[in-house]
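Chemist: Next come a sequence and a model predicted from it.
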Amino acid sequence: MRNLTQFTIFLAAAWTAAFANISASAAPAAPIALACPAATTGTVGLAYSSSLKATGGVPPYTISITAGSLPTGLTLNATTGAITGIPTAPGASAFTAKVVDSLVPGAGGAPNSTTANCNINVGAPSLSIKSVSFFSNISIYKDTAGTTAKLITNPMWTSSGTNERVGYAGGAKTSVSVTLHVDKPAPAAIPNVTIQAKVAGVGNLTGAKPVTIPGTASDFVISGLVSDTAFPKQTKYFADNSLTIDWTYTIPGGAPIAIGPTSHTLYVTLQSPISGTTVFLTTIHLAVSKDGAATAQDAFNNTWNNFFAGPANTKGWDNRTLYYYQPNIGFTSCSPYQVQLLKNGNGQCTSWAKLLIGSLAVNGISSRMYTIYTANGDEFLVKDWTYGNAGAPPVAGDPHKYPMTFKAALGEMVPSPTAPKAVYGNMTSLDTIPGQNTKPPAEKVFARHFIVKYAPTGTDCTKTDCYYDPSYGVTYRDETGFQNNAVDGYLKRFPTDAVSSGWVAKPAGLNIKFKAS
Amino acid sequence: MKRRLLLLALAWGYGMAQAANVHIVDGSTCAKTVHIFEAGQRIEIPSVEMQAEIAAPGGGSAKADILLIYEPKSGLALWRYQASDPENPGGITERFEQDSVVVAQNERLMEFQLIGSSLWLRESKEKFSTMGDAQRAMLTRIERFGTTAAALMLQSFHEVNLSDALDVDFLHERDNPHPARRARIREASRSGSDWRVVLDGPNGDAVEVTLDETLTVKAVAPVVR
């Protein structure tokens, strides 16, 4: 009986143990699961931290990305599932994450695994350009201010509509200051952002500077953006806002993020203007509006070409016609001052000479005003100039448009340097140049005339014309040439004359004098 | 000079042969005053201006502005005749005041005008008891010479060309081609046997031109203001 009892006790214990073992190995584990990161959004430049959360199965887990990818700049901890880092680019990232548990194969099963399809959207602050200022540039004065010349000041471009013209000297680097606005801010300020300004069409002009983008909707200024390279030393005109600056910002390790472009009208001169030169919109326009002059002579030719064949062809920067004695404007109403010519659109020979000199000086080209006068003190009468051959009609619609032209056979005083030789017209009084000397005689009487001498080193002015007359768009060789071809006669005034005149024939010999002003 | 002599001869010839019909335009006679220098002082003396219509030799007529100035102390008179500006008749007194400087000195009136770079001078030693006498004498002469009186008058001027003595930039407003912006006479005076004429340039500077008794330029010196 004792044995039976002992067996029964043993059997019961064994059974219990066996049952217990059976019970332990067959207990159902929680199914493995993987949850996407709780933080589904991030911001470029700002630290991101979230995790893929695994549950169930037999830990520890191994987590991986099996399809798609995390946002650039973020990394996954395969053990913990943590996703951290600083996103470097905006965008939506869809990825499939997989988790595998630690169930030992062969012990009654295989490792459990599951996947999850997740998304993390990375945003970026939205910026816009509010204003752009250009520094280290050529200071340009507005034509319209007259004697109180008004400097174009920064900012030269604003989102509210300001878009002033900008000038740079060839060989200079752009230096820009920009005011940006945070339209859609990030949750916090983003440090170490690089603002870039890439100038299209002028090689690789870029400038960069690290800044912090505010975490609020506000303005912030970045100054001292200096281009990596300089403008070439040749004239260049970016007309009609054809110079585009593409503004971007970049966080470390990231790709540029567009802010937007700004467009500018910009002049690049051959070189720095002559010291002391007041640069006006029209003088820089006349100096630079034709591209590609890489030498002083080329730049001179381009500038003079704006004056050639008479001021009727000379336009201001805004395409206004600039007049040498504007029709129906009296002699005394035509100013000798360049600023008044630019402001009012009409002027006499002095202002035209100064306009040419000032336009050349913009490109660093030196020239000098010369006075034409008579040795005996008489006044002189310029001829009535006609187009081409005698009898040529005035320009339709503009009875005053009679540029002075010359006889090619003389070998001098021909329009130069680029235009074909013209033919000297007749000497019939046509009362052509308006506004002056409206009383008889209809000839044009001057006490003096003002022209410009341009004679770079090495020029032989006995063989080429060095005297340029922007009032008439022609060139002169010397005093004799002017007397023979430009002067119709001389006027001597007497004390008994109420109106003016007593005519004196041309005196024998040379009566015309040129003198540096 | 030959041209002037010819004109003078023609004028005399015509005037001696036939007196011109001179008609003073009604209402044009006007008593005024002008300024002259006397003993270094600028004084005011009476003058009269009128407009005359003068029969031209070939028919028709011409208008002229006439001015007579009269220095009552000495009885010296000086007259001016010039063809009317058809667009702006009259105003001869104002033009005279603007253009001419007259010095009363030693029984003569000396008139100075600066036109362009030339100094024009003429003197009058004609004396009359009254201004009325002077006016009658003037009209008689105009009747005699008619429209050629202008040429006759021109003969009475002596021209001194200063273009060699003065810089072109003194005579004209700087950088201005306009013929009217010129130097003007500020004052004239007698100094010993010389004439001293102070000219104000249009650019703010001034010079004193000294002419000797023969009206030759003796010296030009800047005037410090």
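Modeler: Yep, it's here. Numbers count the residues shown, from 1 in each chain, chains lettered A, B, ... in the order given.

Chemist: tell me which parts of chain B are close to chain A?
Modeler: B:65, B:80-85, B:87, B:92, B:95, B:99, B:113, B:115-118, B:120, B:150, B:153-154, B:157, B:161-163, B:168-169, B:171-172, B:175-182 (CB under 8 Å from any CB of the partner chain). In this view, the C-beta of every residue, glycine as well, is placed from N, C-alpha and C.

Chemist: rerun that using 7 Å as the cut-off
Modeler: B:65, B:82-85, B:87, B:113, B:115-118, B:120, B:150, B:153-154, B:157, B:161, B:163, B:168, B:172, B:175-179 (CB under 7 Å from any CB of the partner chain).

Chemist: Those in strands, which ones?
Modeler: Using DSSP state E, the members of the residues of chain B next to chain A that fall within strands are B:65, B:82, B:83, B:113, B:115, B:118, B:120, B:161.

Chemist: Skipping its backbone neighbours, what lies nearest the first one in space?
Modeler: The shortest distance from residue B:65 to any non-neighbouring residue, by CB to CB, 6 or more residues apart in numbering or on different chains, is to residue B:92 (3.8 Å).

Chemist: separation between the one you found and residue B:67?
Modeler: 5 Å (CB to CB, to the nearest Å).

Chemist: and residue 148, helix, strand or coil?
Modeler: Unless you meant another one, I'm taking chain A. Secondary structure, DSSP: H, G, I helix; E, B strand; the rest coil: residue A:148 is coil.

Chemist: Wait, chain B was what I had in mind.
Modeler: Going by three-state DSSP: residue B:148 is helix.

Chemist: thinking again about what came up before, would you turn the ones in strands among the residues of chain B next to chain A into TSV with pLDDT and distance to residue A:220?
Modeler: Below are these laid out as TSV (pLDDT from 0 to 100; distance: CB to CB, whole Å):
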residue	pLDDT	distance to residue A:220
B:65	90	78
B:82	81	78
B:83	78	79
B:113	94	74
B:115	86	71
B:118	91	73
B:120	94	76
B:161	92	74
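
Chemist: which ones are touching the closest residue to chain A within chain B?
Modeler: Residue nearest to chain A within chain B (CB to the nearest CB): residue B:117, separated by 2.9 Å. Residues near residue B:117 by CB atoms under 7 Å, 6 or more residues apart in numbering or on different chains: A:377, B:161, B:162, B:163, B:166, B:171.

Chemist: Just give me the neighbour total for the third one.
Modeler: Summarising burial for residue B:162: neighbours were counted as other CB atoms under 10 Å in any protein chain shown, giving 22.

Chemist: Ignoring the adjacent residues along the chain, who's closest to it?
Modeler: residue B:117 (5.1 Å).

Chemist: which stretches of the chain form helices?
Modeler: The chain I'm using is chain A. A:2-25, A:281-288, A:296-305, A:338-344, A:349-362, A:479-486 (DSSP state H).

Chemist: Please refer instead to chain B.
Modeler: Using DSSP H, helices in chain B cover B:2-17, B:92-99, B:131-145, B:149-155, B:168-171.

Chemist: Between the two ends of stretch A:463-482, what distance do you get?
Modeler: Length of stretch A:463-482, first residue to last, CA to CA, to the nearest Å: 15 Å.

Chemist: Low-confidence ranges, the stretch 401-517 of chain A, go.
Modeler: Applying pLDDT under 70 to the stretch 401-517 of chain A flags residues A:401-445, A:488-489, A:491, A:496-508.

Chemist: Residue B:21 - nearest residue in space that isn't next to it in sequence?
Modeler: Here the residue nearest residue B:21, using CB to CB, 6+ apart, is residue B:55, at 4.0 Å.

Chemist: which residues does that neighbour bridge with?
Modeler: residue B:61 (DSSP bridges).

Chemist: So it sits against residue B:62, correct?
Modeler: No - the criterion here is CB atoms under 7 Å, and residue B:55 misses it with residue B:62 at 8.3 Å.

Chemist: Low-confidence regions, the stretch 51-200 of chain A specifically.
Modeler: A:106-108, A:146-147.

Chemist: which residues in it form strands?
Modeler: A:53-55, A:62-68, A:74-76, A:82-85, A:91-100, A:113-123, A:126-135, A:140-142, A:150-151, A:157-158, A:166-169, A:173-184, A:190-199 (DSSP state E, counting those that start in this stretch).

Chemist: Pull out the buried residues from the third one.
Modeler: Of the residues in strand A:74-76, those scored as buried under the neighbour-count criterion (16 or more other CB atoms under 10 Å in any protein chain shown) are A:74, A:76.

Chemist: just the fourth one next, same as before
Modeler: Neighbour-count burial for strand A:82-85, with 16+ other CB under 10 Å as criterion, is recorded at A:82, A:83, A:85.
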